[in-house]
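A.B. asks: The following comprises the amino acid sequence and a computationally predicted model.
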Amino acid sequence: MEGQKPEIFNEYGTIRIADEVVSTVAGLAATDVEGVVSLSGGWGTDLVEKLGRKNYGKGIKVEVAEDKTRIDIFIVVEFGYPIPEVAEKVQKEVKLAVETMTGLSVASINVHIVSVSIKKSPADEEAVSEFIVE
């Protein structure tokens with residue numbers, strides 16, 4: 001996002017909140033919603049995370065302009081959960097978390113479902129581990 005970030009003025013000085021902070025707050029709130037498996041930040045971000053560096057802001061795009069905040073979230077939903085209900089719950093939880101923690105006004109939260117995750121049955125996992133061991 002180009003341009004001046006919104007500022008919160010008080011008697012002690014000025015507070016500026018970075019977009020990365022907003023994306024981390026939004027990411028933590030989104031992953032707490034039942035039915036959300038993970039956030040999807042693309043193959044590069046997912047690869048870095050598999051190598052051990054956790055990124056709670058992955059899969060989130062934040063645009064802050066003047067007094068309005070726009071958030072795009074890219075999520076993976078677990079199979080069996082109703083996608084519209086999960087997406088709406090993500091919108092509500094993210095809005096609440098961002099507004100409560102940052103004081104910013106959230107104008108919109110766009111949820112993009114990028115994938116549906118299918119859990120493997122325990123039998124499938126055993127077959128894979130037995131194949132690897134032998």
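C.D. replies: Perfect, I can see it now. Numbering: from 1, shown residues only.

A.B. asks: Give me the residue at the spatial middle of this structure.
C.D. replies: Using C-alpha atoms, centre = their mean, the residue of the chain that lies closest to the mean C-alpha position is Gly27, 3.0 Å off.

A.B. asks: helices or strands up against the host helix or strand of that residue?
C.D. replies: Element membership of Gly27 [criterion: DSSP states H and E] is helix 19-31. If you count contacts as 3 or more C-beta pairs under 8 Å, 6 or more residues apart in numbering; DSSP states H and E, helix 19-31 packs onto strand 36-39, strand 60-65, strand 68-78, helix 83-102. (C-beta placed from N, C-alpha, C; glycine too.)

A.B. asks: Given the shortest one, what are its sheet partners and their directions?
C.D. replies: Using DSSP bridges, strand 36-39 pairs in its sheet with strand 68-78 (antiparallel).

A.B. asks: So for the partner strand, what gets flagged as buried?
C.D. replies: By neighbour count on 16 or more other C-beta atoms under 10 Å, the buried set for strand 68-78 is Thr69, Ile71, Asp72, Ile73, Phe74, Ile75, Val76, Val77.

A.B. asks: between those residues, which is closest to Val106?
C.D. replies: Distance ranking of the buried residues of strand 68-78 against Val106, using C-beta to C-beta, places Thr69 first at 4.9 Å.

A.B. asks: who's in contact with the closest one?
C.D. replies: Going by C-beta atoms under 8 Å, 6 or more residues apart in numbering, Thr69 touches Val22, Val62, Glu63, Val98, Leu104, Ser105, Val106, Ala107.

A.B. asks: Tell me how many other residues crowd the closest residue to Pro82 other than its chain neighbours.
C.D. replies: Leaving aside its sequence neighbours, Pro82 sits nearest to Gly35 (C-beta to C-beta, 6 or more residues apart in numbering; 7.9 Å). Using other C-beta atoms under 10 Å, Gly35 is surrounded by 19 other residues.

A.B. asks: State the number of residues packed around Ile17.
C.D. replies: Ile17 has 20 neighbours, counted by other C-beta under 10 Å.
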